[in-house]
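S.K.: Any chance you could fold what I've pasted below:
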Amino acid sequence: MKISTKGRYALRFMLDVASHQDEGVVRVKDAAQRQEISLKYLEQVVSLLVKTGMVRSMKGPNGGYRLTREANDYTVGDILEATEGCLAPVDCLMDSPNRCSRSQSCVTLRLWRELYEGMEQILNKYTLQDLVDWQKETPDHYVIEKGE
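M.R.: As a prediction, the model looks like this:
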């Protein structure tokens with residue numbers, strides 16, 4: 001499972017909003033500049049976040065975006081699923097109950113389940129507030145670096 005730029009940028013945008021919303025609403029243009037993300041691409045990502053209820057749009061000349069909940073009410077998993085969809089490493093784990101005709105005899109299914117459960121455990125362990133707190137510990141490293 002590889003998290004796409006859409007998921008990584010969503011996480012960076014949410015972190016930016018959580019870090020700056022005490023100053024008021026966060027404009028996409030400002031977040032894009034701080035995070036070194038293409039404005040056009042970030043606008044597409046933010047649209048997904050609005051549709052899934054992660055952020056809300058404030059209209060007007062001083063408009064921008066705000067979180068819909070407290071930062072500690074968002075897990076990293078919530079944010080990634082909002083933009084990536086299901087994070088299951090294989091298709092047969094996307095349905096519950098498993099509809100694969102081979103599920104009763106599949107030797108690898110246990111491996112895929114454990115991988116998925118481990119990934120979910122880590123992604124749901126950390127909240128947006130945890131990332132905000134980590135950022136405060138290392139202010140010189142504000143931008144979350146791009147993965148390879």
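S.K.: going forward, measure contacts and count neighbours with C-alpha atoms only.
M.R.: Will do.
S.K.: ok, Gly7 touching Leu80?
M.R.: Yes - Gly7 lies in contact with Leu80 (CA atoms under 8 Å); the separation is 5.2 Å.
S.K.: Between the two ends of stretch 100-115, how far is it?
M.R.: 18 Å (CA to CA, to the nearest Å).
S.K.: now swap in stretch 80-92 and tell me
M.R.: With CA to CA applied, stretch 80-92 spans 20 Å between its terminal residues.
S.K.: so where is the protein shaky, pLDDT-wise?
M.R.: Within the chain, the ranges that satisfy pLDDT under 70 run 103, 139-148.
S.K.: can we see that at 80?
M.R.: 1, 95-105, 138-148 (pLDDT under 80).
S.K.: can you give me the helices for the chain?
M.R.: Applying DSSP state H to the chain gives helices spanning 5-20, 28-35, 39-51, 76-84, 109-125, 128-137.
S.K.: so how far is Tyr74 from the nearest residue to Thr52 once chain neighbours are set aside?
M.R.: Distances taken as CA to CA, 6 or more residues apart in numbering put Ala82 closest to Thr52, at 6.2 Å, once the chain neighbours are dropped. Going from Ala82 to Tyr74 by CA to CA gives 11 Å.
S.K.: same check, this time on Lys125
M.R.: From Lys125 to Tyr74 the distance is 10 Å (CA to CA).
S.K.: go on, Trp112?
M.R.: Using CA to CA, Trp112 is found at 25 Å from Tyr74.
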